[in-house]
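A.B. asks: structure, please.
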Amino acid sequence: MTGPVPAGPPVLPCRECDGMSFTLVPCRCTYYGDRLLVSEEDRTPGEPYHDCLECDGVGTVGRPCHICRQTGRRRAQFVLTMANLDTGTLASVNVVPGVVEPQRWPADHRTWCLPLAPLLHELAARVGAKSWTEIRRPGPPEEPVVLLPSRWRPDLPPADRELLEAEAIAAQSYDPWWLYLGRTTSEPPRDPAAELARRCRLADLLCLDLVIETRRDRNGTGLSWHLRYEVPDSPVPAEGRGHADDLPSAITGTSELDALYGLEERGRSVPAYRLSCPDLPPAGPASIDLDQLERRILADCVDLRTGEPTAGAQAIWRDGRWRHTSLRVTDTTDNLSESSTGQIHQRRRVLLRRGWQPPAPSWQGEPLPYAECPDCDPDSNLRRCHCRLGAGVAEPDCPACAGTGRSPSALRCHTCRGSRRLHQTVTVTITDLTCRVVHLTWQADPTGWQTGELGWHIAPDTVPGGERSWRTGRRVAAPHVATQPGGKPLHQLPGRFRLAEWAATFGVRPDDLTELDGGGDLDHDLRHGTVTLHRPGDDPLTAHLTTAARGRPGARLFVLARRPDVPSLADLVRLALGLHLTLTVTVVDHVRNTGDLRLVQGERWEVNVGPASGPVTPADRPIRSTPEAAIAFCLDYLGLAIAGTVPDDPVDPIPVPQCPNPIEVADPVPLLRRLARHHAGQPVAVHFTAATCEIVLREPDGVRPLVTAATLPAAIGALGLAPGG
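C.D. replies: As a prediction, this is how the structure comes out:
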């Protein structure tokens, strides 16, 4: 499966620590000189701070060398691996001195390098991959190279050239195993103009702004580009997230989920408005001239009156057209914090504003009423003290608040989540990030009537007109379905307030519904429409909507209804075994909780990858709702699992896995579900290795092995759980 383990690679002394396993480095206090109050703008490296808490005024401190893992040596080897997820074939190449012929670096012909792209293409041909991506560097694949020291020349003796190549390869020891995941089909070339037009269409459907922003770096010499979605009237972020050098790179390098990430953070202080359904959703741009758009944005980076450069510029897609504006510096704020040296750091943040504010969008209705949050102070960091969580009354002898009911906290207010507002109306937007969108407006009324639920449904078969429906004058019945252990009643709202009921509209399971911003699990109460009343006499609908709207941008809740696009669990098992790793799947079936809405419903999954010699470590509490969600999380952190399998001792070589004939792995999900149903309520784990399949059960006092067999079906059969057994 893995091929022969290569002979010991060349081992060189670590250049960072000179083989000492630790380094003496200048203390942080020397970055700013002998001063108590310091800032980045006044950074003047020099003498140490005389009262430094780290170096006692000496100026140097000893730190462990993490580059060589405190061994004092570095391995002159790294491995390239290409795995075809569709076929399971896998091939690797061992990169050591003498394997790659040096060439001049295309970016600077004065520098020599070891080009790795030919090796990648050779590996891709061996496994039949037409496209691939590196697990720790998502996005368009780059042409990787290893830069050689400036002393390397082709006319040097062979021994000297090999030593310098070993130094260059050893410098990569912090990241010595590069894993590429390939597919048998090639991805079509991405057209930035067509992709931007599609995102403009999505922004119109979601009733959001699509913002293209470019701002100057700290030195004021360069521009960085960024693309994101925003709720209208969101302030300009203090810190830019731009990383692209031009507009096409910003479009292709930012996925839709990346552009939506941080939507709540950016719009936390945005006023809330009712969502007004237009008669005809805009069709979006047919085509976009990227060159003309980029030149217009760059023109706004210079003040036409004075000729001075501005802080940046924005192009905002709203109501079917671009709105252009420059960015201006409006103010600066200073944040003070104490560093580990004892010095006080003053960090200055520049606040920006738009030079021109676009008009309100046509779908923005009247403002939504709100109440001021009673549990936080807008002028300080005082929050509701934890002593009020029980009876709601402050304890006179509380050490945190001294009986005042409010104590300082660096966390956001639990009641409003930092928005300072409490709304009784929430707008829910459900989408699969295609042309299928559902907008719902839920609002409460003191009399208990549902006075104006507006459902706006846009689907492929209804575009461009959409479907609209109003439900008015319906009394919201929220029956008492359970009682919490503390005695508080649990109510459940009708089906139109249960987001799980909308999953079938998008052809997904209720467990596939997630938060659009960040992909987090949807709250249990939002999914099932349940609400716990903390005070007698509270209205269930009002309490539910107030909780659902807290901290949401403009009192809007965005939900993603889409299955994760990930390989199957069988493919992941095949990949892990081909890499000579182990894979542990933990699942717990909460079937005994069915009908009790106080408790977790359905299944919970967790998938972990580890070294071949590692112990069986089932997850204590699996938290992923579906196998696909667990697989997606595992793939996100597969790079860390790969790094953890590299031997600590540089003398031990990194294995070079080869798998030309992958093993056949049947879909383990049905058998895992049968196993979890048999041990309902208990986490049960299946540990896959190259030779065996072990099933263990996590109990309160530890892990109990159940059975070990060659395959999962054999292990299930040994437990008497096979079909017909």
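A.B. asks: pull up the gap between V211 and L706, please.
C.D. replies: Plainly put, V211 is 54 Å away from L706 if you go by CB to CB, to the nearest Å. Yep, even glycine has a C-beta here, placed from its N, CA and C like the rest.
A.B. asks: compare the two (neighbour count), which wins?
C.D. replies: V211 (21 against 16; other CB atoms under 10 Å).
A.B. asks: check the gap between the more buried one and D523 for me.
C.D. replies: 28 Å.
A.B. asks: what of P367?
C.D. replies: Summarising the geometry, the distance separating P367 from D523, computed by CB to CB, is 26 Å.
A.B. asks: more crowded one of these two?
C.D. replies: Comparing P367 with D523 by other CB under 10 Å, the one with more neighbours is D523, at 14 against 10.
A.B. asks: okay, the more buried one: pLDDT?
C.D. replies: As summarised for this prediction, D523 has a pLDDT of 91.
A.B. asks: which parts of stretch 194-205 are buried?
C.D. replies: Neighbour-count burial for stretch 194-205, with 16 or more other CB atoms under 10 Å as criterion, is recorded at 195-205.
A.B. asks: quick one, what contacts the residue nearest to D209 when sequence neighbours are not counted?
C.D. replies: Leaving aside its sequence neighbours, D209 sits nearest to E230 (CB to CB, 6 or more residues apart in numbering; 4.6 Å). E230 sits next to 208-209, 211, 263, 266-267 when contact means CB atoms under 8 Å, 6 or more residues apart in numbering.
A.B. asks: quick one: which of these is nearest G57?
C.D. replies: Distances from G57 to the contacts of E230, taken as CB to CB, are shortest for R266 (43.4 Å).
A.B. asks: how close does the nearest residue to F497 once chain neighbours are set aside sit to G88?
C.D. replies: The shortest distance from F497 to any residue other than its chain neighbours is 4.4 Å, reached at G529 (CB to CB, 6+ apart). Separation of G529 from G88 (CB to CB): 43 Å.
A.B. asks: now do D525
C.D. replies: In this structure, D525 lies at 42 Å from G88, with CB to CB as the measure.
A.B. asks: next: G46.
C.D. replies: The span separating G46 from G88 equals 59 Å under the rule CB to CB.
A.B. asks: which one's more surrounded, those two?
C.D. replies: G88 (21 against 11).
A.B. asks: looking at the more buried one now. What's its pLDDT?
C.D. replies: For G88, the predicted pLDDT is 89.
A.B. asks: same deal with G392?
C.D. replies: Residue-level confidence at G392 comes out at 69, pLDDT.
A.B. asks: now do R43
C.D. replies: Confidence per residue is given as pLDDT, and for R43 that number is 77.
A.B. asks: that one: how many residues sit nearby?
C.D. replies: Neighbours of R43 under the rule other CB under 10 Å: 10.
A.B. asks: likewise D517?
C.D. replies: Other residues near D517 number 22, with proximity taken as other CB under 10 Å.
A.B. asks: and the nearest residue to it once chain neighbours are set aside, what are its phi and psi?
C.D. replies: In space, not counting the residues next to it along the chain, D517 is nearest to L263; the distance is 4.4 Å by CB to CB, 6+ apart. L263 adopts backbone torsions of phi -60, psi -40, taken as degrees, to the nearest 10.
A.B. asks: what about this structure, any weak spots by pLDDT?
C.D. replies: Low-confidence segments of the chain, defined by pLDDT under 70, span residues 1-8, 138-141, 219-220, 277-284, 390-392, 445-475, 723-725.
A.B. asks: got a list of what R621 touches?
C.D. replies: When the contact criterion is CB under 8 Å, 6+ apart, the partners of R621 are 588, 604, 683.
A.B. asks: what distance do you get for the last one to E603?
C.D. replies: Using CB to CB, one obtains 11 Å as the distance from P683 to E603.
A.B. asks: any common contacting residues for the two?
C.D. replies: 587-588.
A.B. asks: for the chain, which segments count as helices?
C.D. replies: Read by DSSP state H, the chain holds these helices, from start to end of the chain: 117-127, 158-170, 192-206, 247-252, 256-260, 263-266, 290-299, 524-528, 540-549, 569-578, 627-636, 638-644, 669-678, 712-718.
A.B. asks: between those, which one is closest to R417.
C.D. replies: Among the helices of the chain, the nearest to R417 by CB to CB is helix 263-266 (8.6 Å).
A.B. asks: can you list contacts of that closest one?
C.D. replies: Outside of helix 263-266, the residues within contact range by CB under 8 Å, 6+ apart are 208, 228-231, 234-235, 237, 516-517, 551-553, 558.
A.B. asks: same question for stretch 129-147.
C.D. replies: 82, 84, 95, 100, 105, 111-117, 120, 123-124, 168-169, 171-172, 175, 178-187, 252-253, 635, 638-639, 642.
A.B. asks: can you name the residues that contact the residue nearest to F497?
C.D. replies: Shown in contact with G529 (CB under 8 Å, 6+ apart): 492-495, 497-499, 544.
A.B. asks: please redo it, this time with the cut-off set to 10 Å
C.D. replies: Going by CB atoms under 10 Å, 6 or more residues apart in numbering, G529 touches 478, 491-501, 540-541, 544, 597.
A.B. asks: ok, Q682 next?
C.D. replies: Contacts for Q682 were tallied using CB under 10 Å, 6+ apart; they are 588-589, 676, 697-700, 704.
A.B. asks: and the furthest pair within the contacts of helix 263-266?
C.D. replies: With distances taken as CB to CB, the most widely separated pair in the contacts of helix 263-266 is P235 and L516, at 20.5 Å.
A.B. asks: looking at the two, which one has more neighbours?
C.D. replies: When P235 and L516 are compared on other CB under 10 Å, the one with more neighbours turns out to be L516, at 25 against 15.
A.B. asks: skipping adjacent residues, who's closest to that one in space?
C.D. replies: Sequence neighbours aside, F558 is the residue nearest to L516 in space, at 3.7 Å (criterion: CB to CB, 6+ apart).
A.B. asks: select only the buried ones of the contacts of Q682 in PyMOL?
C.D. replies: Command for PyMOL, covering only those of these found buried under the criterion 16+ other CB under 10 Å:
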select buried, resi 588+589+676+697+698
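A.B. asks: export the contacts of Q682 to CSV and tack on distance to G487?
C.D. replies: Formatted as CSV, the entries for these read as follows, by distance: CB to CB, whole Å:
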residue, distance to G487
V588, 28
D589, 29
A676, 33
L697, 34
R698, 32
E699, 31
P700, 27
R704, 36
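A.B. asks: list just the nearest of the contacts of Q682 to P567.
C.D. replies: Taking CB to CB as the measure, A676 is the one of these closest to P567, at 21.2 Å.
A.B. asks: what's near enough to touch the nearest residue to the closest one once chain neighbours are set aside?
C.D. replies: Counting by CB to CB, 6+ apart, the nearest residue to A676 once its immediate chain neighbours are dropped is D589, at 3.9 Å. When contacts are counted by CB under 10 Å, 6+ apart, D589 is found next to 602-604, 672-684.
A.B. asks: for A360, see how far away the closest residue to Q364 other than its chain neighbours is.
C.D. replies: Excluding the flanking residues, the one nearest Q364 by CB to CB, 6+ apart is Y273, at 4.8 Å. Noted for Y273: a distance of 8 Å to A360, by CB to CB.
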